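*Asks:* Generate coordinates for the sequence data below:
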Amino acid sequence: MAKNVLAIIGSYRKGGVVDMAVDAVLVGASARGANIRKIYLIDQHIEYCRNCRNCTQEAGAARGKCAIEDDMAGILKEIEEADAIVLGSPVNFYNVTAVFRTFLERLVGCVYWPWGQPAPKPRWKEMRRKAVLISSLAAPGIFLPIATGASRALRLAAQSLGARPVAKLWIGLAAQQPKPMLSTRVLRRAQHIGASL
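*Replies:* This is a model prediction of the structure:
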């Protein structure tokens, strides 16, 4: 059972579909005694990655230090203290939101990629954290992993953070109303996922 569960939300709308689903997962985890916390990426100051790759040059399990001084270091510190993470972003133009993508690109320090090496290597020998991936889209949920890049982006973020995805929740038909509600079935499933962390 996870003691500390941290949610990273890449939605532009608080109280929207992804936010409600994340809340339900956190309710399930809290009911089992977990400490829970949410971070809205829109409330954080996260600058764009400059692609200098200084953070990828030193070998070892420790995340490379980024030259940019913003809120990202604090977010990563909280993630490192978590036993489980919930990563959520709606689909915008066939992928995760720009704010989630900015967060994802700043995870480059979580890999070892010295100059001259053709591809990055993960720093983590084992995935010690659990991850829950949540996304929503206007089309039926079945299309999310087929027709968008959101599932891959969320999975890549989890793996970069040393987290093994243990559950995913794709919520379809999320753009039918200006203020959509989650079905009882989706809420129950989300709470069950949280309780199983």
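*Asks:* residues in contact with the worst-scoring helix or strand of the chain on mean pLDDT?
*Replies:* Counting by mean pLDDT, DSSP states H and E, the chain has its least confident helix or strand at strand 121-122, which shows a mean of 85. Contacts to strand 121-122, defined as C-beta atoms under 8 Å, 6 or more residues apart in numbering, come from residues 110-113, 159-160, 162. To be clear about C-beta, it is placed using only N, CA and C from the backbone, and glycine gets the same treatment.
*Asks:* cool, and stretch 139-159?
*Replies:* Looking at what lies outside stretch 139-159 - C-beta under 8 Å, 6+ apart - the contacts are 85, 87, 89, 91, 94-96, 100-101, 103-104, 107, 122, 127, 131, 133-135, 137, 164-165, 168, 170-173.
*Asks:* ChimeraX command for the buried members of those?
*Replies:* A single ChimeraX command selects the buried members of the contacts of stretch 139-159 (16 or more other C-beta atoms under 10 Å):
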select :85,87,89,91,95,96,100,101,103,104,107,127,131,133,134,135,137,165,168,170,171,172
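*Asks:* partner residues bridging the residue sitting nearest the centre point of the chain?
*Replies:* Nearest to the geometric centre of the chain sits Leu87, at 2.5 Å (C-alpha atoms, centre = their mean). Under DSSP bridges, the beta-bridge partners of Leu87 are Ile8, Leu133.
*Asks:* Going by residue numbers, what spans are helices in this structure?
*Replies:* 17-31, 72-80, 98-105, 144-147, 150-160, 184-195 (DSSP state H).
*Asks:* Pick the most deeply packed of those.
*Replies:* When the helices of the chain are scored by mean count of other C-beta atoms under 10 Å, the highest mean neighbour count falls to helix 17-31 (a mean of 22).
*Asks:* tell me how far it is from the chain's mean position?
*Replies:* Distance of helix 17-31 from the chain centroid (C-alpha atoms, centre = their mean, to the nearest Å) equals 14 Å.
*Asks:* Contacts for it, please.
*Replies:* 2, 5, 7, 9-11, 13, 36, 38, 84, 86, 88-90, 132, 134-136, 169, 171, 174, 180-182, 186-187, 190-197.
*Asks:* Looking at the contacts of strand 121-122, which two lie furthest apart in space?
*Replies:* Greatest spacing in these, by C-beta to C-beta: Trp113 and Gly162 (16.2 Å).
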